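Participant: can't give you the sequence, but here's the structure:
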Ligand SMILES: Nc1ncnc2c1ncn2[C@@H]1O[C@H](COP(=O)(O)OP(=O)(O)O)[C@@H](O)[C@H]1O
Ligand SMILES: CC(=O)OP(=O)(O)O
Ligand SMILES: [Mg+2]
């Protein structure tokens, strides 16, 4: 029996998403999610899709889960209860989403002590994400020391950005000394969606230019030229760019000086303000787009402002990336908001006919888990809705590395 299963861990700042896949046929054997880690109301949702447990469907466990290490042990126990545990000889590897890979990691990487130390050293550049990724690696190693562990980096796909795009226009020696440059994130998703969009158009990836809009809780845009990333909206950290659930995205850096000098705030307070209390949440008190849309519909002024601000920023990036690419073949929407909200897609593209963008409103209103085209027949640029699958992409890259 050849081991063909891969466990994928996608650890976020307060959650862990996981999937067990069989790479012999890319099927999913179990999926799950731990939410609200560190709170009293943590919740583990586990769904076995094969074996004796599958008939029972989803299992939800509620109660406090103190940290990521406890979350991963609970996940491991759920998998074991279905005979899908980390001790299984059919498991070939664990694939980890690692958010920041710096300039060093531009490909999926087999994790050893040195690699783990480097991922740890990158924590200051991704303080909300990399600590959880490190814990995921440590716990998986502890549970199965002999198993290959692979890191798949959010930054990797963006490492092809030209130097003049990646550089900030600041003193070069200072930038070099502190590794200050634009790295970009959500790269696994941008890569997957750009490729799937080319397939949807029936073209080779090399022949297609795509603007990918990954609109989840964190959100980012990228310009992909013939399969190669040439620009993305996130920068040194996942704070730059679009208006997000709780992050401000772009702002004048002088806002930080002003808050420190005039507002008397500490750097940590400002960090927390911009990362955790801004974006939609800061503008209207809600970070879930569904809630913002519901309130806006009812006429709530701050929700309308938040929605308008979110859309305006999105439009700016669509326009900018049209200019960067010169010729755009498709705009692809993905992640929680991009995949599910026909209204956001409609608002984002409204008035962009001059850029060749127009929706087929009926096609746009259909909900489906399949990749699909929603542009008007006459439109010069295709508009696609492509459900992202970071877990499948991480599993594929992990399996290719350990079997290659
Ligand atoms: N039908 C919908 N309409 C609008 N927004 C939605 C819908 N479904 C999910 N979302 C949004 O998607 C977001 C989560 O997206 P997701 O890609 O899962 O994010 P993350 O991976 O960052 O947790 C939620 O904040 C929610 O607002
Ligand atoms: C990098 C990043 O923003 O990730 P997420 O959307 O999962 O928070
Ligand atoms: Mg996400």
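Facilitator: On my side now, so go ahead. Since we're looking at a predicted model, the values are computed, not measured. Ligands and ions are numbered 1, 2, ... in the order given.

Participant: And the residue of the stretch 201-350 of the chain closest to ligand 2?
Facilitator: The minimum distance from the stretch 201-350 of the chain to ligand 2, using C-beta to the nearest ligand atom, falls at residue 218 (2.4 Å). Placement of C-beta: from N, CA and C, glycine included.

Participant: Next, the contact list for that residue, please.
Facilitator: By C-beta atoms under 8 Å, 6 or more residues apart in numbering, the contact list for residue 218 reads 185-186, 238, 244-245, 247.

Participant: now swap in residue 134 and tell me
Facilitator: Taking C-beta under 8 Å, 6+ apart, we find residue 134 in contact with 116, 119-120, 123.

Participant: redo that, cut-off 7 Å
Facilitator: Counting by C-beta atoms under 7 Å, 6 or more residues apart in numbering, residue 134 touches 116, 119-120.

Participant: swap in residue 168?
Facilitator: Residue 168 is in contact with 175, 180-182, counting by C-beta under 7 Å, 6+ apart.

Participant: Tell me where the protein has strands.
Facilitator: In the chain, the strands defined using DSSP state E lie at 5-11, 16-22, 27-35, 43-48, 59-62, 91-98, 109-110, 149-153, 209-215, 219-225, 228-232, 330-334, 372-373, 382-385.

Participant: Turn the ones you listed into TSV, including mean pLDDT, mean neighbour count and distance to residue 302.
Facilitator: As requested, the strands of the chain are arranged in TSV below (pLDDT from 0 to 100; neighbours: other C-beta atoms under 10 Å; distance: least, C-beta to C-beta, whole Å):
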stretch	mean pLDDT	mean neighbour count	distance to residue 302
strand 5-11	96	26	32
strand 16-22	96	23	31
strand 27-35	96	19	26
strand 43-48	96	20	29
strand 59-62	95	13	32
strand 91-98	97	26	34
strand 109-110	98	18	44
strand 149-153	98	27	37
strand 209-215	98	28	20
strand 219-225	98	27	20
strand 228-232	98	21	29
strand 330-334	98	27	25
strand 372-373	98	18	33
strand 382-385	98	24	28
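
Participant: Take the ones you listed and lay them out in TSV including distance to ligand 1.
Facilitator: Compiled in TSV, these are given as follows (distance: least, C-beta to the nearest ligand atom, whole Å):
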stretch	distance to ligand 1
strand 5-11	8
strand 16-22	7
strand 27-35	9
strand 43-48	13
strand 59-62	18
strand 91-98	10
strand 109-110	23
strand 149-153	15
strand 209-215	7
strand 219-225	8
strand 228-232	16
strand 330-334	8
strand 372-373	16
strand 382-385	12
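
Participant: Now render those strands as JSON lines, adding distance to residue 316.
Facilitator: Shown next, in JSON lines, are those (distance: least, C-beta to C-beta, whole Å):
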{"stretch": "strand 5-11", "distance to residue 316": "29"}
{"stretch": "strand 16-22", "distance to residue 316": "30"}
{"stretch": "strand 27-35", "distance to residue 316": "32"}
{"stretch": "strand 43-48", "distance to residue 316": "37"}
{"stretch": "strand 59-62", "distance to residue 316": "41"}
{"stretch": "strand 91-98", "distance to residue 316": "28"}
{"stretch": "strand 109-110", "distance to residue 316": "35"}
{"stretch": "strand 149-153", "distance to residue 316": "27"}
{"stretch": "strand 209-215", "distance to residue 316": "12"}
{"stretch": "strand 219-225", "distance to residue 316": "10"}
{"stretch": "strand 228-232", "distance to residue 316": "13"}
{"stretch": "strand 330-334", "distance to residue 316": "14"}
{"stretch": "strand 372-373", "distance to residue 316": "24"}
{"stretch": "strand 382-385", "distance to residue 316": "18"}
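
Participant: which one of those lies closest to residue 278?
Facilitator: Residue 278 lies closest, by C-beta to C-beta, to one member of the strands of the chain: strand 219-225, at 12.7 Å.

Participant: List of residues touching the closest one?
Facilitator: Under C-beta under 7 Å, 6+ apart, the answer for strand 219-225 is 185-186, 190, 194, 209-214, 229-234, 241-242, 244, 317, 321, 324-325.

Participant: So in that sheet, which strands flank it, and in what orientation?
Facilitator: In the sheet, strand 219-225 lines up against strand 209-215 (antiparallel), strand 228-232 (antiparallel) (DSSP bridges).

Participant: got the phi/psi numbers for residue 144?
Facilitator: The phi and psi values for residue 144, taken as degrees, to the nearest 10, are phi -140, psi 80.

Participant: Once you drop chain neighbours, what's closest to the residue in the stretch 201-350 of the chain that ligand 1 sits nearest to?
Facilitator: At 2.0 Å from ligand 1, residue 336 is the closest residue in the stretch 201-350 of the chain, using C-beta to the nearest ligand atom. Excluding the flanking residues, the one nearest residue 336 by C-beta to C-beta, 6 or more residues apart in numbering is residue 216, at 4.7 Å.

Participant: Hmm, residue 334 and that neighbour touching each other?
Facilitator: No. Using C-beta atoms under 7 Å, residue 216 makes no contact with residue 334, being 8.4 Å away.

Participant: Taking the centroid of this structure, which residue is nearest it?
Facilitator: Centroid check for the chain by C-alpha atoms, centre = their mean gives residue 186 as the closest residue, at 3.9 Å.
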